[in-house]
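Visitor: Below: sequence and its predicted model.
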Amino acid sequence: MRFQINTEYDRLTAVLVHRPGPEIDRLTHENVKAFLFEDVPFLRRLQSEHDAFVDKMREHGVTPLYLEALLTDILADDAVRAELLRTVCATAAVPAIAENLSSLESWDIAALVDILFGGITVAEYMRGTGQRIAASAGEEAFLLPPIPNAYFSRDPAVVVQNTAISSKMHYRERVRETLLTRAVLEHHPQFRDNTIVYGGSDEPAEDRPYTIEGGDIIVLSTDAVLIGASERTRSETIEWLARKCFQAVDVKRVYEIPIPKERAFMHLDTVFTVVDRGKVLWYSPVVEQIRYIHRYEPDGDGETVRREPEQRSLLDILRAEFGMEVTVIDTAGGRKPHAAKEQRMDGANALAIAPSVVITYERNEHTTTALERAGVTCIEIDDAELVRGLGGPRCMTMPLRREPA
């Protein structure tokens, strides 16, 4: 499969997803905040809602590829399995496992996949290996913690044109998501003809403070990319990534869009998404206050120029980039207090699967009404459990390929 993402709204044909699994059952009311969740989801219902979401995409011609299935494929290779386990254990600082990797390498692949997502406790490790290890925190403590945010597959990696960007996560609790996704992109036969322009295995996955997450990257057109400078994406990383994009693909402009560094607005796509050419959905209390947008451009000698802050507003920039007047659809139609509530419930996080065709959460009724009044077809999905992780339909997908409608 060749990667190709030139816009946010061309017809979506292939997407990477992860079906929530055993990692969700590791959440408790005591650890839920540490794992960046708002509440403990009911796994069976969460899976049912995720299945329905993927089925909606299938019905509209989208081919879903499951991260866990692709991971199962590559773990059959002894060298890939050993290297991935080494990297995971080293990144998670798990010396007890790192020193005895052979004890995991020989495990059943299905069990390994469950461990890579769901983690493993001291007691489980000792039962599975027959080895006793010191456990000052108790035998129910995690040797390798779970990664319950993994169903938000937007953040670990992003395709821009015909190449991929492997993210570098802000929170350590999410770093393994990047390692698993990157391993699949680098080693699975489906993707052998593609490249990773940033964040490949030759670069450290945790070289803080240079963090960037996929929810902040919006492919506006073949010429322009917007990147949010947010709670989780650093300005320094944006400049470095812009240079990489200018060298590898046909991007001509990268815009750095500063948003409040708050959990409620963790990524740019929590307050802004593109649903068609010249048609955007946004949360105006944040977006209309954006100032000091920087533009990066190549200088022709392999370097990147960071322009002085734009005098133009984001709306002015969008008008220029789209070459037309822009229709702005406000979250909940701008109605207070519904707009604030629906933004928190991912009302602005719509997934465009074709021009003016989006998938949205059923609960965001006022946003759906506003979208439909603007000529956008909304495919609503159940969200009672999906929403508990603070992520919407766009968050749950890594688009791999779009075709012009």
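Guide: Looks like it came in fine. Numbering: from 1, shown residues only.
Visitor: just checking, what packs against the helix or strand where residue 378 lies?
Guide: Using DSSP states H and E, residue 378 maps to strand 377-381. Packing partners of strand 377-381 (3 or more CB pairs under 8 Å, 6 or more residues apart in numbering; DSSP states H and E): helix 43-59, strand 357-361, helix 365-373. For glycine as for every other residue, the C-beta is placed from the backbone atoms N, C-alpha and C.
Visitor: just these: most buried one?
Guide: Greatest average neighbour count among these goes to strand 357-361 (a mean of 25), per mean count of other CB atoms under 10 Å.
Visitor: That one packs against which elements?
Guide: helix 43-59, strand 351-354, helix 365-373, strand 377-381.
Visitor: so can I have JSON lines of these showing distance to residue 326 and mean pLDDT?
Guide: Output for the helices and strands packed on strand 357-361, formatted as JSON lines (distance: least, CB to CB, whole Å; pLDDT from 0 to 100):
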{"stretch": "helix 43-59", "distance to residue 326": "27", "mean pLDDT": "98"}
{"stretch": "strand 351-354", "distance to residue 326": "15", "mean pLDDT": "98"}
{"stretch": "helix 365-373", "distance to residue 326": "15", "mean pLDDT": "97"}
{"stretch": "strand 377-381", "distance to residue 326": "19", "mean pLDDT": "98"}
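Visitor: Quick one: the ones you listed as TSV, columns for distance to residue 16 too.
Guide: Listed next are these as TSV, based on distance: least, CB to CB, whole Å:
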stretch	distance to residue 16
helix 43-59	11
strand 351-354	13
helix 365-373	25
strand 377-381	18
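Visitor: Relative to residue 78, which of those is closest?
Guide: The minimum distance between residue 78 and these falls on helix 43-59, with 31.2 Å, by CB to CB.
Visitor: which is the next helix or strand following the closest one?
Guide: The helix or strand immediately downstream of helix 43-59 is strand 63-66, counting by DSSP H and E.
Visitor: How far does that next one sit from its chain's centre?
Guide: Centre-to-centre, strand 63-66 and its host chain are 15 Å apart (CA atoms, centre = their mean, to the nearest Å).
Visitor: quick one: contacts of that strand?
Guide: By CB atoms under 8 Å, 6 or more residues apart in numbering, the list of residues contacting strand 63-66 from outside reads 13-19, 54, 57-58, 190, 400.
Visitor: and of these, the nearest to residue 295?
Guide: Nearest to residue 295 among those, counting by CB to CB, is residue 400 at 27.9 Å.
Visitor: so what's residue 23 up against?
Guide: Here residue 23 is in contact with 117-119, 146-148, 150 (criterion: CB under 8 Å, 6+ apart).
Visitor: Is it correct that residue 343 is in contact with residue 331?
Guide: Yes. Look at residue 343 against residue 331 with CB atoms under 8 Å: they come within range, at 5.1 Å.
Visitor: Filter the contacts of strand 63-66 down to the buried ones.
Guide: Applying 16 or more other CB atoms under 10 Å to those, the neighbour count classes 13-19, 54, 57, 400 as buried.
Visitor: Surely residue 181 and residue 164 touch.
Guide: No. Under the criterion of CB under 8 Å, residue 181 makes no contact with residue 164, lying 9.1 Å away.
Visitor: hang on, the earlier thing: partner strands of the strand holding residue 378, parallel or antiparallel?
Guide: strand 357-361 (parallel) (DSSP bridges).
Visitor: what about the strand it pairs with, average pLDDT?
Guide: Averaged across strand 357-361, pLDDT comes to 98.
Visitor: Tell me how far that strand lies from the chain's centre.
Guide: Distance, stretch centre to chain centre, for strand 357-361: 17 Å (CA atoms, centre = their mean).
Visitor: buried stuff in the strand holding residue 378?
Guide: Using 16+ other CB under 10 Å as the test for burial, strand 377-381 gives 378-381.
Visitor: With distance to residue 194 as added columns, please give those residues in CSV.
Guide: Formatted as CSV, those follow (distance: CB to CB, whole Å):
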residue, distance to residue 194
378, 32
379, 29
380, 33
381, 29
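Visitor: quick one: which of the residues you listed is nearest residue 91?
Guide: Closest approach to residue 91 among the buried residues of strand 377-381 (CB to CB): residue 381, at 33.2 Å.
Visitor: so how far is residue 397 from the nearest residue to the closest one once chain neighbours are set aside?
Guide: Nearest non-adjacent residue to residue 381, counting by CB to CB, 6 or more residues apart in numbering: residue 53, 4.8 Å away. Using CB to CB, to the nearest Å, residue 53 is found at 9 Å from residue 397.
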